[in-house]
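A.B. asks: need a structure here:
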Amino acid sequence: NFAVLQESTYDAIKVADPSAKVLLAGMGSFPEGYTNSFDTAFEPILRDLAGSHVDIFDFHWYGTASGDYHLRESTRSSVEVLSHIRSALASDGFPSDLPIWMTENGSYTGMPVGFTNQTERQQALDCFKRYIYPLSRGVQRVFLAWGLMEGYGNPADNGYFDNTGILYDGIGAGDPGLGVRKLAYYTYKKMTEELEGADWSTLTNLHDGVATDYLYLFRVTKDGAPVHVAWWDYFREAGYTNGSNKTITVSNLTNAVVRAIAVVPLASAGSGVQDYATAFQTTEYPVIAGAASIVLGVDPVVIRATSTVHAVLARDPASLTQSGQVETPVGDQAIHVWNAGAGAMDYDITTDQPWLTVSPSSGTSSGSATRHTVSYATSGLNTGTYTGTITLTATNSEAGPLAVNVNLVMAAAGLWRDAVDVSGGWKW
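C.D. replies: Numbering: from 1, shown residues only. Predicted structure coming up:
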């Protein structure tokens with residue numbers, strides 16, 4: 001008789017305050033078998049209510065940081081939970097514009113009982129997506145749960161909800177201490193700084209790569225100007241390797257330069273954030289013919305127009321992969337460096353591995369790109385995969401330092417053969 005309770009409660013609230021909004025709350029909460037649970041336990045209540053005594057429908061949504069923010073069943077990815085809920089509401093007589101809220105939403109860090117391990121970074125980037133994506137699908141309000149700090153029921157049992165907060169509670173193995181901020185804390189703060197006050201009725205999903213390239217692009221209006229949000233679900237990409245990236249194009253831009261601000265700090269954990277003002281990677285991109293090509297790595301970015309008149313360090317590509325055989329020279333590659341902003345820019349290039357060099361190791365640009373040769377000193381290297389980083393710095397640039405991630409794969413020595421055509425045959 002839950003519908004009876006909803007009706008009587010609704011009527012009492014309206015007598016006390018006719019302007020109050022009453023939720024039908026709490027359909028939860030994990031992606032596995034969600035619609036079956038909904039149809040069994042919740043839809044009969046909607047049917048009994050027959051389109052009345054509900055001002056706002058509320059559901060809860062949890063899961064992992066590996067794409068569950070899509071609001072799809074994890075065991076049946078073709079089943080869109082939000083569409084299923086809306087269909088049931090319409091069938092049971094509720095208006096098509098009935099507001100939908102998510103008063104509980106989130107993921108976790110660590111390894112709760114029954115779940116795989118997730119890092120602070122995974123939780124942080126997922127936290128951001130769990131706001132933007134549902135809002136783009138018409139959900140009106142999204143709330144983080146279970147609150148800012150970890151802990152639910154008996155925190156010592158290490159259940160799922162003991163790990164969903166964005167502040168540590170000081171309990172359990174590996175917990176760094178009561179009140180220590182996770183990366184998601186800083187992501188939440190950055191998200192509100194960049195997007196608070198936006199007109200969410202204008203939020204548009206410009207590119208949804210859930211079944212294609214795993215790239216996402218959104219646009220929302222804030223203070224009369226467009227703000228874009230973009231990310232790449234790298235964990236769905238077959239063959240993804242650490243440091244890989246993808247590019248997405250933002251079109252219909254009017255400024256000369258846009259700034260992409262990563263929403264997860266550079267630090268590997270929240271405890272490593274020392275200076276919030278410099279904690280986030282910021283990269284500026286030139287706008288050419290009304291479009292900018294934004295390079296996406298692991299972290300989502302907020303993209304805003306900027307009227308910069310300063311130098312902006314830029315490079316291409318963002319990563320290099322080379323292969324060869326031991327005891328055999330490996331061919332050179334190249335990177336291009338330029339000033340995507342204004343004025344003259346001096347820059348330096350360093351590497352962190354003795355087998356990796358860049359020549360020349362410095363340069364000056366007022367807009368034109370300079371080619372720098374990347375060389376590999378492989379003598380003495382054994383078989384295996386080697387990683388290194390090329391770092392570009394410019395003291396007067398608004399962007400940077402920038403990195404070029406390098407992967408060098410050395411195979412076992414083989415027999416190199418030169419083929420020569422001799423009288424219609426081949427001599428080896």
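A.B. asks: switch to C-alpha atoms for all contacts and neighbour counts from now on
C.D. replies: Fine.
A.B. asks: where's M191, which helix or strand?
C.D. replies: Using DSSP states H and E, M191 falls within helix 183-195.
A.B. asks: Give me the buried stretch members for that helix, please.
C.D. replies: In terms of neighbour count (16 or more other C-alpha atoms under 10 Å), helix 183-195 has its buried residues at 183-188, 190-191, 194-195.
A.B. asks: who does that helix touch, helix- and strand-wise?
C.D. replies: If you count contacts as 3 or more C-alpha pairs under 8 Å, 6 or more residues apart in numbering; DSSP states H and E, helix 183-195 packs onto helix 120-136.
A.B. asks: Then Q6 would be within a helix, right?
C.D. replies: Yes. Q6: assigned to a helix according to DSSP: H, G, I helix; E, B strand; the rest coil.
A.B. asks: Let me know how buried it is, in neighbour terms.
C.D. replies: 20 (other C-alpha atoms under 10 Å).
A.B. asks: Tell me the gap between stretch 93-105 and the middle of its chain.
C.D. replies: The chain centre lies 26 Å from the centre of stretch 93-105; the measure is C-alpha atoms, centre = their mean, to the nearest Å.
A.B. asks: To which secondary structure element is the residue nearest to Y108 when sequence neighbours are not counted assigned?
C.D. replies: The shortest distance from Y108 to any non-neighbouring residue, by C-alpha to C-alpha, 6 or more residues apart in numbering, is to T164 (4.1 Å). For T164, there is no helix or strand it lies in under DSSP H and E.
A.B. asks: One more: S37?
C.D. replies: Assigning secondary structure by DSSP H and E places S37 in helix 34-37.
A.B. asks: name the helices or strands packed onto that helix?
C.D. replies: Contacting helix 34-37 under the criterion 3+ C-alpha pairs under 8 Å, 6+ apart are the following elements: helix 81-91.
A.B. asks: repeat that with 10 Å
C.D. replies: Contact partners of helix 34-37 among helices and strands, from 3 or more C-alpha pairs under 10 Å, 6 or more residues apart in numbering; DSSP states H and E: helix 43-49, helix 81-91.
A.B. asks: What's the first helix or strand after the helix holding M191?
C.D. replies: As the chain continues past helix 183-195, the following element, by DSSP H and E, is strand 199-208.
A.B. asks: Give the buried residues for that following strand.
C.D. replies: Residues 200, 203-205 are the ones in strand 199-208 that count as buried (16+ other C-alpha under 10 Å).
A.B. asks: just curious, which of those residues is nearest to K14?
C.D. replies: Distances from the buried residues of strand 199-208 to K14 were compared by C-alpha to C-alpha; the smallest belongs to W200, at 28.2 Å.
A.B. asks: wait, what's in contact with that closest one?
C.D. replies: Listed by C-alpha atoms under 10 Å, 6 or more residues apart in numbering, the contact set of W200 reads 132, 135-136, 138, 140, 219-222.
A.B. asks: State the distance from V227 to N252.
C.D. replies: The spacing between V227 and N252, counted by C-alpha to C-alpha, to the nearest Å, is 12 Å.
A.B. asks: neighbour count winner among these two?
C.D. replies: For V227 versus N252, the count of surrounding residues by other C-alpha under 10 Å is larger for V227: 19 against 11.
A.B. asks: who does that one bridge with?
C.D. replies: Under the criterion DSSP bridges, V227 forms beta bridges with V220.
A.B. asks: what's it in contact with, if anything?
C.D. replies: By C-alpha under 10 Å, 6+ apart, the neighbours of V227 are 194-195, 198, 203, 218-221, 302-305.
A.B. asks: Please apply the same query to D352.
C.D. replies: Counting by C-alpha under 10 Å, 6+ apart, D352 makes contact with 387-391.
A.B. asks: if you set the cut-off to 8 Å instead, what comes out?
C.D. replies: For D352, the residues meeting the contact criterion (C-alpha atoms under 8 Å, 6 or more residues apart in numbering) are 388-390.
A.B. asks: which one of the residues you listed is nearest A12?
C.D. replies: Distance to A12, by C-alpha to C-alpha, is smallest for T389 among the contacts of D352, at 65.2 Å.
A.B. asks: So which of the contacts of D352 is the closest to A25?
C.D. replies: Comparing every one of the contacts of D352 with A25 (C-alpha to C-alpha), the shortest separation belongs to T389, at 50.3 Å.
A.B. asks: Give the bridge partners for the nearest residue to the closest one once chain neighbours are set aside, please.
C.D. replies: Spatially, and ignoring its direct neighbours in sequence, T389 is nearest to N405 (4.8 Å; C-alpha to C-alpha, 6+ apart). For N405, the beta-bridge partners under DSSP bridges are S319, T389.
A.B. asks: which residues does N405 contact?
C.D. replies: If you count contacts by C-alpha under 8 Å, 6+ apart, N405 has them with 243, 318-320, 387-390.
A.B. asks: most surrounded residue in those?
C.D. replies: Across these, neighbour numbers were computed from other C-alpha under 10 Å; I390 holds the maximum, 22 neighbours.
A.B. asks: and it, what does it touch?
C.D. replies: Taking C-alpha under 8 Å, 6+ apart as the contact definition, I390 lies against 349-352, 403-406.
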